[in-house]
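Participant: Starting from these lines, generate the structure:
(chains A and B)
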Number of protein chains: 2
Amino acid sequence: MVEGVDLVYDSEGLKILTERECRELLGSVPLGRIVYTDRALPAVQPVNFVMADGEVVILTSAGSKLAAAARNAVVAFEIDQFNRDISSGWSVVIIGHARVVAEDGEISRLRTLPLTPWSTTEPTHYIAITPELISGRRLPPQKEPPHP
Amino acid sequence: MVEGVDLVYDSEGLKILTERECRELLGSVPLGRIVYTDRALPAVQPVNFVMADGEVVILTSAGSKLAAAARNAVVAFEIDQFNRDISSGWSVVIIGHARVVAEDGEISRLRTLPLTPWSTTEPTHYIAITPELISGRRLPPQKEPPHP
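Facilitator: The predicted structure follows:
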């Protein structure tokens, strides 16, 4: 990706979003999908989330597969938005380490976030994902990618 | 999951969908997310797809990371649909082997499907995923999961 140039396309002709665009989009939707490994198999689960200090924060029951799998693991997190006939849209993927938030002060701070657990099972854990790689693409593909 | 009983809830209080419900939902949306491994890291990418003979069929450029990663790999494939404030919705995940469709007769048959490549890069490959595990969940969680 070339800094400051946003007319960049991937190998499939889809526009590559800048990191700034990706971070803005991460703050624009309430739902994402966390991707992890569960017993050596790929696993994916939609979750509601909020951004806090540049991290993705989710809330899951302490005994869930997700909570177990996300302990200090490298995970992916995906958001997207497409129009009804999926002729246009965008997606953003981050990759980073997930951690269970254990420090009382941080938990108190996260409790103030507008994040309601989907789970009815107590207790719940906050999981934070620090983005280490961020990428995004936008549809529709360009017929002839311009050369910046 | 108990056959014929649909009031079954997972550890987080979310209703578990039957395999029949999951298969019906797979035929109801045009967009999913394929989950695979790319250079030992979790990877996820939204794709348009169709169901054909019980398989998920996608179309990608032959040189894409996805085409390379999906060769005889075990992948996950996720679909979901939520209302605007994500207070209700559902998700379905399948896990199965992906294969690049190579047989001419099968390719001819797949060409009749309503599947337009997002990529502008030729040539394209059909990738088929055979569901080996299918699971689905529905929101909202129940306050008190009934015991069937």
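
Participant: make it CA atoms for all contacts and neighbour counts henceforth
Facilitator: Fine.

Participant: ok now do the closest residue to A:Leu17 other than its chain neighbours, which residues does it touch?
Facilitator: Leaving out its chain neighbours, the residue that sits closest to A:Leu17 by CA to CA, 6 or more residues apart in numbering or on different chains is A:Gly136, at 4.9 Å. Each residue near A:Gly136 by CA atoms under 8 Å, 6 or more residues apart in numbering or on different chains is listed here: A:Ile16, A:Leu17, A:Thr18, A:Glu19, A:Cys22, A:Trp90, A:Ser91, A:Val92, A:Val93.

Participant: how close does A:Val57 get to chain B?
Facilitator: From A:Val57 over to chain B the distance is 16 Å, taken as CA to the nearest CA, to the nearest Å.

Participant: I'd like to know which elements the lowest-mean-pLDDT helix or strand in chain A is packed against.
Facilitator: Using mean pLDDT, DSSP states H and E, helix A:65-69 stands out as the lowest-scoring helix or strand of chain A, at a mean of 85. Here helix A:65-69 touches strand A:31-38, strand A:55-61, going by 3 or more CA pairs under 8 Å, 6 or more residues apart in numbering or on different chains; DSSP states H and E.

Participant: residues in contact with that helix?
Facilitator: Residues outside helix A:65-69 that contact it (CA under 8 Å, 6+ apart): A:Tyr36, A:Thr37, A:Asp38, A:Thr60, A:Ser61, A:Ala62, A:Val100, A:His125, A:Ile127.

Participant: Is it possible to mark the buried ones in the residues you listed?
Facilitator: A:Tyr36, A:Thr37, A:Thr60, A:Ser61, A:Ala62, A:Val100, A:His125, A:Ile127 (16 or more other CA atoms under 10 Å in any protein chain shown).

Participant: which of the residues you listed lies closest to B:Ala73?
Facilitator: A:Thr37 (14.2 Å; CA to CA).

Participant: quick revisit: of all pairs in the buried ones among the contacts of helix A:65-69, which one is the farthest apart?
Facilitator: Greatest spatial distance among the buried ones among the contacts of helix A:65-69 (CA to CA): A:Thr37 and A:His125, at 18.6 Å.

Participant: Report the central residue of chain A.
Facilitator: Nearest to the mean C-alpha position of chain A, counting by CA atoms, centre = their mean, stands A:Phe77 at 3.3 Å.

Participant: I'd assumed A:His97 was in contact with it.
Facilitator: No: A:Phe77 lies out of contact with A:His97 (CA atoms under 8 Å); the separation is 10.5 Å.
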